[in-house]
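Undergrad: Got a sequence here, can you model it:
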Amino acid sequence: MAEFRNEENGEPHPLYHDRFVGLFLDEESKKAAANISRSFPPIRNNVRLRTRYFDDKLDQQLRQGCRQVVILGAGLDTRPQRMAAPGVVFFEIDAPGIQAFKKARLEERNIDPNTTFISGDYLTGSIIDRLTCRDFNVALSTFVIWEGNSMYLSDQSVRQVLAALARDIQNCTISFDYLAEAVIEGRTGDPEIANVVQRFAAMGAPWTYGINDPEALGASCGFRVIETATLADLHRAYWPGRELTSPLYDYYAVCTAQNQAAG
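TA: Numbering: from 1, shown residues only. You can find the predicted model right below:
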């Protein structure tokens, strides 16, 4: 995914600038990216479009006074470095190996990670306990970025995360992406989509969960959905005039929601 994100830097008019992501890339990552996209090139654009969306939402939250940013399953996210803001604290929860790799690559170049690394599985135990042990303040306005995660989880796990955030953070906004149930259940009727689903499964990262009604899901967990958009919508907004080359854009979406206090 970092390889795909990096490709946007080479565009004449890029959707975003990420001068840090290249620190994490090598020949092995290039081969992995090529393996994923070989039979389904549009997957590259999915990553670039969603990156811009989450960047826009973070920028909007910062302008509205957000003081804390939590990134769940952060991977090689570089927003703490490239979107740092005075008085804003970043927290990342992810596997210790990923965080050690990321921290080492940044520090090799004398780059301040500008984030609090919290190692572990955010599905195990309490997310809020993990955060508050590292000086997270539940009373401050908080934005949660949950990118590229939900489709690998279960309905129970997704509801567990959303309910905990809505209940325990007084003023919380979250943005996340998701696939439609038809993709998971193989009902799109499109052979290219079926192929990419199979390719992810073969790599040991199967897509297991889809969402058809984010409003109902959010409401059941204490969130009010304020915005949804398919990647087809983002494609038309960010790349007007470019041809939509795959039906997957209509089955992949983004969502932003607020809990009661934030609304």
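
Undergrad: C-alpha only now, for contacts and for neighbours.
TA: Noted.

Undergrad: and the gap between residue 130 and residue 89?
TA: Here residue 130 is placed at a distance of 15 Å from residue 89 (CA to CA, to the nearest Å).

Undergrad: Could you do residue 3 as well?
TA: Distance, residue 3 to residue 89, by CA to CA: 27 Å.

Undergrad: Just the element for residue 70, please.
TA: strand 68-72 (DSSP states H and E).

Undergrad: need the contact list for the closest residue to residue 132 other than its chain neighbours.
TA: In this structure, residue 132 finds its nearest non-sequential neighbour in residue 138, 7.7 Å apart by CA to CA, 6 or more residues apart in numbering. Contact analysis of residue 138 by CA atoms under 8 Å, 6 or more residues apart in numbering lists 132, 168-171.

Undergrad: switch to 10 Å and redo it
TA: Residue 138 is in contact with 68, 128, 131-132, 165, 168-172, counting by CA atoms under 10 Å, 6 or more residues apart in numbering.

Undergrad: before we move on, what about residue 92?
TA: So residue 92 contacts 69-75, 77, 80, 99, 115-119, 131, 144-145 (CA under 10 Å, 6+ apart).

Undergrad: how about a cut-off of 7 Å?
TA: By CA atoms under 7 Å, 6 or more residues apart in numbering, the residues touching residue 92 are 70-72, 74, 115-118.

Undergrad: and which of those residues is nearest to residue 184?
TA: residue 72 (22.1 Å; CA to CA).

Undergrad: what is that closest one paired to in the beta sheet?
TA: residue 93 (DSSP bridges).

Undergrad: Number of residues surrounding it?
TA: Residue 72 has 23 neighbouring residues, counting by other CA atoms under 10 Å.

Undergrad: Next, give phi and psi for residue 252.
TA: The phi/psi pair for residue 252 (degrees, to the nearest 10) reads phi -120, psi 130.

Undergrad: OK, contacts around the closest residue to it other than its chain neighbours?
TA: Leaving out its chain neighbours, the residue that sits closest to residue 252 by CA to CA, 6+ apart is residue 179, at 4.6 Å. Listed by CA under 7 Å, 6+ apart, the contact set of residue 179 reads 151, 210-211, 251-253.

Undergrad: and residue 179, how far is that from residue 186?
TA: Per CA to CA, residue 179 is found 12 Å from residue 186.

Undergrad: Over to residue 94?
TA: Distance, residue 94 to residue 186, by CA to CA: 30 Å.

Undergrad: Look at those two and report which has more neighbours.
TA: Using other CA under 10 Å as the criterion, residue 94 and residue 186 rank with residue 94 on top: 19 against 13.

Undergrad: Model confidence at the more buried one, what's the number?
TA: We have a pLDDT of 97 for residue 94.
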